[in-house]
Structures are given as C-alpha cells and as structure tokens.
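In: I'll drop the sequence and a predicted model, then ask my questions.
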Amino acid sequence: MVAFFVFSMGIQTIMQMAAFFGEKEINLDSSQLIVAIVLVQLIAIPGAILFSWGSKKLGNIKMLMVALLVWVGVCVYAFYGVTEVVTFYIAAGVIGFIMGGTQSLARSTYSKFLPVTDDTASFFSFYDVTEKLGLIIGLFSFGYLEGTFGTMRASILALVVFFILGFLLLILVPKEEKR
C-alpha cells in the first residue's frame, strides 16, 4: 500500500497537470489538448491489455516495476524532449499506454493482498482515499517546485523521485501473491 501511495503521487499529478504543461510550456491550444486527452484514453486500453498479459508471465509486482521505469523515462523525456506538438503527442501516447497498465495492475495487485473478507468495499475505499491523498501531495510538490524554479519542467523531473521511491518500495513487497 505504501508503494502504491508513493508512485500514485507521480501518476495522479501527471494526469492532472499534463494539459497545463502542454498549454504553458508548449503553447498548445484547446483543440490540440483535446486530441492529446483522447489519445491518452484510447491508448490506455491496449496498455492495460498488454500489462495484463505481462503480469501473467512475470507477475504483477515485476510488471509494476517495469511500468515505473517507463514513468521515469516519460518524465525525463518530457523534461528534455517535449518542445512541440508532435513530441507532446508522443509523450501523451506513452502516458496513456503506461497509465492503463499501471492503474489496472495496481488495483489487481492490491486485491491479491487483501485478507479474506466479505467487506472488500472498505479496503477499496481506503485505497481510493490514499490515491486522493497522493494527488494532493503530488500537486503540492509540483506547484511548490514550479513556483520555486519558475518552470513546470523542473516539477516534472522531480516527479521521478516518486517513481523511484515507489520502485524501491515494490522491491520490499512479499513475492507470494494470493490467487
């Protein structure tokens, strides 16, 4: 749960701030942002399917670790390489693909570690609360760093810390998953 909480800070922040990044740093207009948002949603579907297939082969934890490494790569790419509409769309495509896989695997993994109970709703309510709390911390960090450095690029690169910490915490998760 702690690993999810930490890497969720980065994911939720990216999902909330991507359009603002495109608008402020790349000067995208509304129609270009709408195309990017639709792209993210459409590509999330095959991402979730591919990550489901990969989790059958490698396990949920290992696939989540792969996903977090891709998130790190996306952040570095956004910092250095996203300078125009096409490069923004490339980042949006990768974000959509990895977002679908990461979110579905995180929920699936969480459910595998739940105790046997008839009250799974309480556990998933707690899961949702931690996701929202992660969003608040992530957005605060993002805004603080943008205010300090005067650019969203520094904030995006700083999100790498959330993904690396989440990766390291996933290493500590017991390897025995319940089926």
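Out: Thanks, I have the structure now.
In: Tell me how many other residues surround E25.
Out: 16 (other C-beta atoms under 10 Å). The way it works is simple: take the backbone N, C-alpha and C, and place the C-beta from them, glycine included.
In: Could you do T120 as well?
Out: 13.
In: What separation is there between V86 and A78?
Out: 14 Å (C-beta to C-beta, to the nearest Å).
In: Those two: who's more crowded?
Out: A78 (24 against 9).
In: Find the nearest non-adjacent residue to the more buried one, please.
Out: Residue nearest to A78 in three dimensions, not counting chain neighbours: I156, with 4.9 Å by C-beta to C-beta, 6 or more residues apart in numbering.
In: Got the phi and psi for the most far-flung residue of the chain relative to its centre?
Out: For the chain, the residue at maximal distance from the C-alpha centroid (C-alpha atoms, centre = their mean) is D118, at 29.6 Å. Reported as degrees, to the nearest 10, the phi and psi values for D118 are phi -90, psi -10.
In: repeat for G81
Out: phi -110, psi -20.
In: burial of the closest residue to it other than its chain neighbours, as a residue count?
Out: Leaving aside its sequence neighbours, G81 sits nearest to T87 (C-beta to C-beta, 6+ apart; 5.5 Å). Residue neighbour count, defined by other C-beta under 10 Å, stands at 15 for T87.
In: Quick one: classify T87 as helix, strand or coil.
Out: Of the three states, T87 takes helix under DSSP: H, G, I helix; E, B strand; the rest coil.
In: count of neighbours near P174?
Out: By other C-beta under 10 Å, neighbour count at P174 equals 7.
In: wait, I meant R107
Out: For R107, the neighbour count with other C-beta under 10 Å is 15.
In: Next one: L28 from V86, what distance?
Out: Going from L28 to V86 by C-beta to C-beta gives 11 Å.
In: Same question for G93.
Out: Distance from G93 to V86, by C-beta to C-beta: 11 Å.
In: Check W53 too.
Out: 29 Å.
In: and what of A3?
Out: Distance of A3 to V86, computed by C-beta to C-beta: 34 Å.
In: what's the answer for Y77, then?
Out: 13 Å.
In: again with I164
Out: Taken as C-beta to C-beta, the span from I164 to V86 is 28 Å.
In: same deal with G101?
Out: Distance, G101 to V86, using C-beta to C-beta: 23 Å.
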